[in-house]
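Asker: Take a look and give me a structure for this.
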Amino acid sequence: MKPDAFAAVMATGIVSIAAADHGHHVISDGLGVLAAAGLVILVAVAAISWSKQSPDVTDVDVTVRLFTFVAACAVLDSRFISIRGVLWTLGLLAATTWLVLGMLLVRNLVRSRWHELRESARGAWELPSVGTSGLAIVMVMLARHTDWYALLIAAVAMWVLAMAVYAAMTWLILARAFAARLDPNGFEPDAWILMGGLAIATLAGDHIHHDATGRLAEAAWLVTVGTWVVATAWIPPLLYFGVRHARRPDALRFAGVWWAMVFPLGMYSVATDTTSAETGWAALTTISHVVFWIAFGSWAIVAAAGLSRLGSQTRLHLPSRHGLK
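Answerer: Purely as a prediction, here's the structure:
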């Protein structure tokens, strides 16, 4: 089991939230159930798989991809916010995992050389930022339930940290891209997390702006608008390189990394809808709705491709009627 397997739960959960934002409750409920069941199943599979061969947590790439679990817990927390037990359980689980992975990541980064980091950096390296922003959202929701102002301040600190991590990882990713002269063959679907990392930071900022007062609320509003604008600016170049990459013969072959494209689309829909409510820019609601359908369509295609590949692999490993492969 790959360390970023929980990206499927992230993608399913955020598309469920986007569906609820636009009144598609049947779709939202169905995806919400799938996301919750998926998290439980993947945790069980990970426990079995990794008990036999655990991921190499000394590898930076492995460590950053494990942050999909933190993000998955945060997304499901947002989806099932009305269930207090789920809110606290997933919140504490996300916070504990984030702390452990954070320490491992810092250790691995310190031990690595600059050129090694630059050559390895991918879009997935934004996942620590995504997980940190997700945890900031969880802290805001817990602050609402408890009226603990300290949790709101902690959420602000996590939000700022998420953007700092995003800036550092983006620097590494772009350094690699320019060193490779923007070779389209190096493009992968997880590059969309460059947009998704800012979209979830926008959503975290919207939550903070809603609950904060005074200068903190004003600063959160300004930063949030800025992150949404930059997230939007990422879409044209990502589309450009994505189309160029799609021309390769094997480019559209299913891989788990495709979930890393669905999540940013769903997150952008949710962040844009929330930004519309906070700013009063009504046109953003329409944009959010259009992007939701794109995200849902992408989710359906990736899910179908994944099930098809799983079915093919299962048939390859089943014995024939005569007991032979």
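
Asker: This protein: strands as residue ranges?
Answerer: Using DSSP state E, no strands are found in the chain.

Asker: Extract the C-alpha trace of stretch 7-22 and format it as CSV.
Answerer: Only the C-alpha atoms of stretch 7-22 are listed here, as CSV (Å, rounded to 0.1, in the frame of the first residue of the first chain):
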residue,chain,number,x,y,z
ALA,A,7,-5.6,10.9,-1.3
ALA,A,8,-8.8,8.9,-2.4
VAL,A,9,-10.5,9.8,0.9
MET,A,10,-9.4,13.4,0.6
ALA,A,11,-10.8,13.7,-2.9
THR,A,12,-14.1,11.9,-2.1
GLY,A,13,-14.6,13.9,1.1
ILE,A,14,-14.0,17.3,-0.4
VAL,A,15,-16.3,16.6,-3.5
SER,A,16,-18.9,15.6,-1.0
ILE,A,17,-18.6,19.0,0.8
ALA,A,18,-18.7,20.8,-2.5
ALA,A,19,-21.9,18.9,-3.4
ALA,A,20,-23.5,19.9,-0.1
ASP,A,21,-22.5,23.6,-0.7
HIS,A,22,-24.6,23.6,-3.9
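
Asker: where does that stretch sit relative to the chain's centre, distance-wise?
Answerer: Offset of stretch 7-22 from its chain centre (CA atoms, centre = their mean, to the nearest Å): 10 Å.

Asker: Now tell me what touches that stretch from outside.
Answerer: 25, 27-32, 34-35, 38-39, 42, 68, 71-72, 75-76, 78-79, 256-257, 259-260, 262-263, 266-267, 269-270, 273, 288-289, 291-292, 295-296, 299, 302, 306 (CB atoms under 8 Å, 6 or more residues apart in numbering). No exception for glycine: its C-beta is placed from N, CA and C like everyone else's.

Asker: Filter the residues you listed down to just the ones in helices.
Answerer: Members of the contacts of stretch 7-22 lying in helices (criterion: DSSP state H): 25, 27-32, 34-35, 38-39, 42, 68, 71-72, 75-76, 78-79, 259-260, 262-263, 266-267, 269-270, 273, 288-289, 291-292, 295-296, 299, 302, 306.

Asker: on that earlier part again, now a PyMOL select for only the buried ones of the contacts of stretch 7-22.
Answerer: Only the buried members of the contacts of stretch 7-22 enter the following PyMOL selection, criterion being 16 or more other CB atoms under 10 Å:
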select buried, resi 27+28+31+32+34+35+38+39+42+68+71+72+75+76+78+79+256+257+259+260+262+263+266+267+269+270+273+288+289+291+292+295+296+299+302+306
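
Asker: Please name the residues that touch the nearest residue to residue 63 once chain neighbours are set aside.
Answerer: Sequence neighbours aside, residue 105 is the residue nearest to residue 63 in space, at 4.8 Å (criterion: CB to CB, 6 or more residues apart in numbering). Residue 105 makes contact with 60, 63, 64, 128 under the criterion CB under 8 Å, 6+ apart.

Asker: got JSON lines for the residues you listed, with neighbour count and pLDDT too?
Answerer: JSON lines is the format used below for those (neighbours: other CB atoms under 10 Å; pLDDT from 0 to 100):
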{"residue": "60", "neighbour count": "20", "pLDDT": "93"}
{"residue": "63", "neighbour count": "25", "pLDDT": "95"}
{"residue": "64", "neighbour count": "29", "pLDDT": "95"}
{"residue": "128", "neighbour count": "27", "pLDDT": "96"}
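
Asker: can you tell me which of those lies nearest to residue 122?
Answerer: Nearest to residue 122 among the contacts of residue 105, counting by CB to CB, is residue 64 at 8.6 Å.

Asker: thinking that closest one is in contact with residue 124, fair?
Answerer: Yes - the criterion here is CB atoms under 8 Å, and residue 64 meets it with residue 124 at 6.1 Å.

Asker: between the contacts of residue 105, which is closest to residue 92?
Answerer: Of the contacts of residue 105, the one sitting nearest to residue 92 (CB to CB) turns out to be residue 128, at 19.0 Å.

Asker: With residue 158 as the reference, measure out to the closest one.
Answerer: 12 Å (CB to CB, to the nearest Å).

Asker: show me what contacts the closest residue to residue 172 other than its chain neighbours?
Answerer: Nearest residue to residue 172, sequence neighbours excluded (CB to CB, 6+ apart): residue 121, at 4.0 Å. Counting by CB under 8 Å, 6+ apart, residue 121 makes contact with 169, 172, 173, 175, 176.
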